[in-house]
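Novice: need coordinates for the below:
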Amino acid sequence: MKNPILDKGGLHLVQLTLNGRTRTGRAQPRTLLSDFLRHELGATGTHVGCEHGVCGACTVRVDGVASRSCLTLAVQVDGRRVDTVEDSVNQDDYLVHLKAAFKRHHAPAVRLLHRRNSDVKRRLVEASARRWPPTQ
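Specialist: Numbers count the residues shown, from 1 in each chain. Model (predicted):
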């Protein structure tokens, strides 16, 4: 009996909301989310570093929760929202809030400004935004 979920090439149709836009692609059942985002959807801000989920280079948010895309299968995010580092460049005054958060929390900006630490940056910006504008 033919499985209607797979097409003739054995690929799943995966539809997700990527950085606020509905996107669709095809993936093998074993395709990692990091590879799907980079090679199928062209979201190249997500990187693979250690391939064990330790380094954080592959971190994305799935339905608002930080997830390691090198440990997640693309088919697992079908119908869900995925936010990558590319989404952060579209936020109003993002860098202004980010710099203020670094200053407020005395963060070592060189290490944390790296694109791969998107979850840390998001938390710093959110913490800073709650106290915006800064009090003297």
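Novice: which SSE is the nearest residue to Arg81 once chain neighbours are set aside in?
Specialist: Spatial nearest neighbour of Arg81, excluding adjacent residues (CB to CB, 6 or more residues apart in numbering): Thr17 at 4.4 Å. From N, CA and C alone the C-beta is placed, and that goes for glycine too. Element membership for Thr17, per DSSP states H and E: strand 12-18.
Novice: what does that strand contact?
Specialist: Under the criterion CB atoms under 8 Å, 6 or more residues apart in numbering, residues 5-7, 22-29, 36-37, 41, 43, 74-75, 77-84 lie in contact with strand 12-18.
Novice: show the buried residues in those residues.
Specialist: 23, 25-28, 36-37, 41, 43, 74-75, 77, 82-84 (16 or more other CB atoms under 10 Å).
Novice: tell me which entries of the residues you listed lie within strands.
Specialist: Arg23, Gly25, Arg26, Ala27, Val82, Asp83 (DSSP state E).
Novice: okay if I get the residues you listed as TSV plus pLDDT and distance to Gly49?
Specialist: Below are those laid out as TSV (pLDDT from 0 to 100; distance: CB to CB, whole Å):
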residue	pLDDT	distance to Gly49
Arg23	97	24
Gly25	96	23
Arg26	95	26
Ala27	96	21
Val82	95	19
Asp83	90	19
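Novice: returning to what we had before: just the CA atoms from the strand holding Thr17 would do, formatted as PDB, please.
Specialist: The C-alpha coordinates for strand 12-18 follow below in PDB (Å, rounded to 0.1, in the frame of the first residue of the first chain):
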ATOM      1  CA  HIS A  12       8.000  14.400   2.900                       C
ATOM      2  CA  LEU A  13       6.300  17.700   2.200                       C
ATOM      3  CA  VAL A  14       7.300  20.000   5.100                       C
ATOM      4  CA  GLN A  15       5.400  23.300   5.600                       C
ATOM      5  CA  LEU A  16       6.400  25.700   8.400                       C
ATOM      6  CA  THR A  17       6.400  29.300   9.300                       C
ATOM      7  CA  LEU A  18      10.000  30.500   9.000                       C
END
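Novice: model confidence for Thr135, exactly?
Specialist: For Thr135, the model assigns a pLDDT of 48.
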